[in-house]
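*Asks:* Need coordinates for the below:
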Amino acid sequence: MKLEHLERAFESIGARLRVEAPVRGRNATSGYSLDIGHDRHGQFFALRGDEASLAEVEFSLLNKQEDNRHLLLLVKNEASKRKDRFLCGHDEREWFVAAVPGTASTVVQAKEALKPAPVREAQARKSLNSRQANTRHNAAFRRQGEWFFVPVEKQMVVDPKLILRHEPISRGGGSKPHLVEQLYRTGGEFVYVHQQYPRGLTQKQYENLLLRHPAAKSWPWRQMRRNPGVYARGAVRHPDHATIVLHDWCRVLMNEEHLAPSRRNLVFLD
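*Replies:* Numbers count the residues shown, from 1 in each chain. Take a look at the predicted model:
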């Protein structure tokens, strides 16, 4: 698909696409990036890369939903044989772009591919149809941006002393956190987190680092748990989304975007 045809596809869902030169230090390792830009007219989708990099890839429109302002984009790189998929659309107040794992060929399939297995299982238990399953508030879950909140069906007993108040949750990478009124974590692996090690170091990895670089001990580390069970209750706030209120404990799950190799081609996160 020629870039001018791609621009018209975005126009059909009420969005703007601009092709821009790469921003130093921000372009993806594979030569191009998709971003959300801002100018005096508002938000736009920014396709960034130099002429040679963009010539290496082919863009195809797989599917679009004009009424819901969503489209699914395929980016093929013949040299690497990679086929990347991106869901582009509008969610509540903002435009977004999400890397899609798997082989989705429609917007509906892309949305399902982004849901973690426990969310799809909850949908099946509640016998939701396709329309119901793609709302932000239904019998199976509440959604705010990339986070899903699935009600706990059995009564949870939580020690009040372990409840964190007004706790941020974030997927990292510079994304704006969602603020949860009450959060409870259980299980998981204890790790040391620093901006140079955003996924965390285990106790052994941390000790090995200090042996190599003793000065690292004075860095501002955060002690956290990786992959714990996370549960939320109360208000969940984010500047780009309407506040939701969870009246009972819900399991907190992030979407599956991190499983898509094309995640590296995204710059804008929230």
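*Asks:* Skip the chain neighbours and tell me the closest residue to Y206.
*Replies:* Y192 (4.6 Å; Cβ to Cβ, 6 or more residues apart in numbering). Every residue, glycine included, has its C-beta placed from N, CA and C.
*Asks:* and the one you found, how many residues sit next to it?
*Replies:* Other residues near Y192 come to 20 when the count uses other Cβ atoms under 10 Å.
*Asks:* Name the residues linked to it by a beta bridge.
*Replies:* Under the criterion DSSP bridges, Y192 forms beta bridges with L201, Q223.
*Asks:* how close does it get to I163?
*Replies:* Here the distance between Y192 and I163 works out to 24 Å (Cβ to Cβ, to the nearest Å).
*Asks:* likewise H241?
*Replies:* Taking Cβ to Cβ as the criterion, H241 is separated from I163 by 23 Å.
*Asks:* When the two are compared, which one has more neighbours?
*Replies:* Neighbour count, other Cβ under 10 Å: between H241 and I163, H241 has more, with 19 against 16.
*Asks:* Read off the pLDDT value for the more buried one.
*Replies:* In the predicted model, H241 carries a pLDDT score of 93.
*Asks:* same deal with the one 10 residues further on?
*Replies:* If you check R251, the pLDDT there is 96.
*Asks:* Let me see the contact set for the residue lying closest to L71 once chain neighbours are set aside.
*Replies:* Of all residues beyond its chain neighbours, the one nearest L71 is K64 (3.8 Å), with distances taken as Cβ to Cβ, 6+ apart. Counting by Cβ atoms under 8 Å, 6 or more residues apart in numbering, K64 touches 9, 12-13, 70-72, 107.
*Asks:* just the residues you listed now: which is nearest P177?
*Replies:* The shortest gap between P177 and any of those belongs to H70, at 25.2 Å (Cβ to Cβ).
*Asks:* surely that closest one meets T106?
*Replies:* No - with contacts counted by Cβ atoms under 8 Å, H70 stays clear of T106, the gap being 10.0 Å.
*Asks:* Looking at those two, which is more packed in?
*Replies:* Regarding H70 and T106, a neighbour count based on other Cβ under 10 Å identifies H70 as having more, with 22 against 13.
*Asks:* Provide the partner residues of that one in its beta bridges.
*Replies:* Beta bridges link H70 to Q65, G89 when assigned by DSSP bridges.
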